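Visitor: just need the structure, nothing else, for what follows:
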Amino acid sequence: MSFNNLQLIEPVLQALGKEGYTHPTPIQEKAIPVILQKRDLLGCAQTGTGKTAAFVIPILQLMYEQMQQTNQPQHRISALILTPTRELAIQIGESIKAYGRFLPQRHHVIYGGVSQHTQVHAIRRGVDILVATPGRLLDLMQQGHISLKDIQYFVLDEADRMLDMGFVQDVKRIIARLPAKRQTLFFSATMPNEIKQLTTIILTNPVKVEVTPPASTVDLIQQSVYFVEKQNKQALLIHLLQDKSIENVLLFTQMKHAADKLARLLNNSGIRTEAIHGNKAQNARQAALENFKNKRTRVLVATDIAARGIDIDDLTHVINYELPNVPETYVHRIGRTGRAGASGMAISFCDWGEKIFLSDIEKLIKKTIPVVKSHMYDVTMMHNLPVQQNNSTFSNQRRKPGMGKRNRAFSQRA
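Guide: As a prediction, the model looks like this:
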């Protein structure tokens with residue numbers, strides 16, 4: 001199957017050729033014809049499968065064909081793409097620019113954390129496709145800068161992430177302002193019950209496109225887990241990064257301050273690192289992301305707020321420095337590698353307090369993550385080392401009450 005078989009118009013095919021695309025991914029192959037038939041769609045696909053192109057390409061074509069019928073550009077907001085994070089919104093905007101380079105539609109991206117002046121000015125000049133995060137969209141709607149009365153195409157992207165970030169009520173307020181007659185495209189990597197309920201509200205007789213089971217992980221991603229005490233994680237991380245074959249690493253932490261702390265530690269160890277999280281100014285976040293994409297930075301430390309918006313070609317490694325307490329988040333994190341048919345590696349550190357998180361993750365993905373055994377910081381081995389090794393290599397280690405039970409628990413798994 002090639003893009004030539006999907007009934008796409010020449011300007012779109014020409015743009016895809018410029019991008020080097022010849023064959024659609026499974027989600028693109030299944031979704032594009034449905035969308036071109038103007039049907040509502042429920043798309044469930046793991047991250048990294050090409051969902052953005054699956055909805056951007058047919059929307060561009062449908063809008064262009066409508067413009068051809070009226071014989072003039074409209075430049076009013078007739079397509080709305082709602083997404084949870086500014087990084088993902090920017091990424092979608094870049095995709096629209098690439099796939100629509102030979103088409104007359106105008107698009108603009110709006111998100112919070114920056115001045116609204118430029119965004120308002122662009123909307124006043126006329127926009128056909130609006131990519132938005134919920135908070136900034138509601139702000140500009142309430143100020144009277146944006147009307148949704150002309151919306152014909154509505155895309156809700158990364159719906160499960162909307163739920164995780166507490167945006168569901170904002171999304172419902174936005175939906176209430178949309179015209180009843182519209183085409184709605186709903187995409188989510190996972191389908192918890194709250195998301196299923198939302199689909200019944202906004203979709204009309206949808207076609208369901210599911211290319212992989214919900215919450216599955218890409219087979220090409222090689223997953224592994226290291227059992228390690230919390231205080232040894234930094235040393236283990238530096239040890240692993242001494243391997244020069246690890247070209248670039250997206251490193252996940254739970255908290256913003258932990259991301260900054262790790263970035264300082266790695267830089268002090270001679271490993272070029274930057275951090276990206278919600279407390280960083282948008283310009284700083286974009287600069288860090290560009291440095292990582294261009295290989296000027298080897299390690300990018302991120303919190304989960306940025307997980308869905310980072311799309312890096314040929315990202316070799318994802319490291320979960322801390323396991324997420326929501327198992328679906330693990331799927332989103334490691335999905336930053338192994339994208340579009342490429343291979344990748346996902347490494348996780350697991351201390352005693354995170355064992356339950358690991359169990360929940362394995363239940364969700366329905367597979368056991370292989371354990372890396374006998375590494376130099378292995379929690380199941382270190383208390384069997386000679387005393388002098390404990391003093392030199394594990395300087396802060398002390399036997400604690402119950403440590404034997406804890407090591408036996410890890411050993412049963414290892």
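
Visitor: let me know the secondary structure of the closest residue to residue 63 other than its chain neighbours.
Guide: Excluding the flanking residues, the one nearest residue 63 by CB to CB, 6 or more residues apart in numbering is residue 105, at 5.6 Å. For every residue, glycine as well, the C-beta is placed using N, CA and C. Using DSSP: H, G, I helix; E, B strand; the rest coil, the structure places residue 105 in coil.

Visitor: quick one, what contacts residue 105?
Guide: 60, 63, 64, 67, 73, 96, 128, 129 (CB atoms under 8 Å, 6 or more residues apart in numbering).

Visitor: quick one: it and residue 15, what's the gap?
Guide: 12 Å (CB to CB, to the nearest Å).

Visitor: one more: residue 233?
Guide: Here residue 233 is placed at a distance of 45 Å from residue 15 (CB to CB).

Visitor: same deal with residue 280?
Guide: Residue 280 is 32 Å from residue 15, by CB to CB.

Visitor: the bottom helix or strand of this protein by mean pLDDT?
Guide: helix 387-393 (a mean of 34; mean pLDDT, DSSP states H and E).

Visitor: care to break the protein down by domain?
Guide: Domain ranges of the chain: 3-210, 221-413, per automatic domain parsing.

Visitor: can you flag the weakest of the ones you listed by average pLDDT?
Guide: With a mean of 80, domain 221-413 has the lowest mean pLDDT of the domains of the chain.

Visitor: show me what counts as buried in the longest helix along the chain.
Guide: Longest helix in the chain, counting residues (DSSP state H): helix 51-70. Residues of helix 51-70 classed as buried under the neighbour-count rule (16 or more other CB atoms under 10 Å) are 51-64, 67.

Visitor: swap in stretch 293-301?
Guide: 293, 297, 298, 299, 300, 301.

Visitor: mind putting the residues you listed in CSV, distance to residue 44 and secondary structure included?
Guide: What follows is the buried residues of stretch 293-301, written out as CSV (distance: CB to CB, whole Å; DSSP: H, G, I helix; E, B strand; the rest coil):
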residue, distance to residue 44, secondary structure
293, 28, helix
297, 33, coil
298, 34, coil
299, 32, strand
300, 28, strand
301, 30, strand
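
Visitor: take those residues and lay them out in TSV including distance to residue 220.
Guide: Below are those laid out as TSV (distance: CB to CB, whole Å):
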residue	distance to residue 220
293	21
297	24
298	22
299	22
300	21
301	24
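
Visitor: which one of those is nearest residue 375?
Guide: Proximity of these to residue 375 (CB to CB) peaks at residue 299, which lies at 19.6 Å.

Visitor: from what I can see that closest one touches residue 252, true?
Guide: No - look at residue 299 against residue 252 with CB atoms under 8 Å: they stay out of range, at 11.3 Å.

Visitor: quickly list what's touching both of these two.
Guide: Taking CB under 8 Å, 6+ apart as the contact criterion, no residue touches both residue 299 and residue 252.

Visitor: on that earlier part again, what's the longest helix of the chain packed up against?
Guide: Applying 3 or more CB pairs under 8 Å, 6 or more residues apart in numbering; DSSP states H and E, one finds that helix 51-70 makes contact with helix 10-18, helix 26-36, strand 41-44, strand 79-82, helix 86-99, strand 129-132, strand 153-156, strand 183-188.

Visitor: please work out which of the ones you listed is packed deepest.
Guide: strand 129-132 (a mean of 26; mean count of other CB atoms under 10 Å).

Visitor: mind listing what that one pairs with, with the direction of each?
Guide: As defined by DSSP bridges, the strand partners of strand 129-132 come to strand 79-82 (parallel), strand 107-110 (parallel).

Visitor: for residue 368, which of those strands is the nearest?
Guide: strand 79-82 (36.6 Å).

Visitor: dump stretch 14-34 to CSV, restricted to CA.
Guide: This file holds the C-alpha atoms of stretch 14-34, laid out as CSV (Å, rounded to 0.1, in the frame of the first residue of the first chain):
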residue,chain,number,x,y,z
GLN,A,14,3.7,16.2,-3.6
ALA,A,15,4.1,17.4,0.0
LEU,A,16,4.4,13.8,1.3
GLY,A,17,7.1,13.2,-1.4
LYS,A,18,9.0,16.2,-0.1
GLU,A,19,8.9,14.7,3.4
GLY,A,20,10.1,11.3,2.0
TYR,A,21,6.9,9.5,2.8
THR,A,22,5.8,6.7,0.4
HIS,A,23,3.9,4.2,2.5
PRO,A,24,1.3,5.0,5.1
THR,A,25,1.5,3.5,8.6
PRO,A,26,-1.4,1.2,9.6
ILE,A,27,-3.3,3.9,11.4
GLN,A,28,-3.0,6.2,8.4
GLU,A,29,-4.0,3.5,6.0
LYS,A,30,-7.2,2.8,7.9
ALA,A,31,-8.1,6.3,9.1
ILE,A,32,-7.5,8.4,6.0
PRO,A,33,-10.2,6.8,3.8
VAL,A,34,-12.7,6.9,6.6
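
Visitor: and it, how far out from the chain's middle?
Guide: Centroid separation for stretch 14-34 versus its chain: 20 Å, with CA atoms, centre = their mean, to the nearest Å.

Visitor: for stretch 258-265, same thing?
Guide: Relative to its chain's centre, stretch 258-265 lies at 21 Å (CA atoms, centre = their mean).

Visitor: got a list of contacts for that stretch?
Guide: So stretch 258-265 is contacted by 234, 237-238, 251, 253, 273-277, 299, 301-303, 321-322 (CB under 8 Å, 6+ apart).

Visitor: same deal with stretch 241-250?
Guide: Under CB under 8 Å, 6+ apart, the answer for stretch 241-250 is 240, 266, 269, 271, 292, 295, 298-300, 302, 310, 312, 314-319, 333, 336-337.

Visitor: rerun at 6 Å
Guide: 271, 298, 299, 300, 316, 317, 318, 319, 336 (CB atoms under 6 Å, 6 or more residues apart in numbering).
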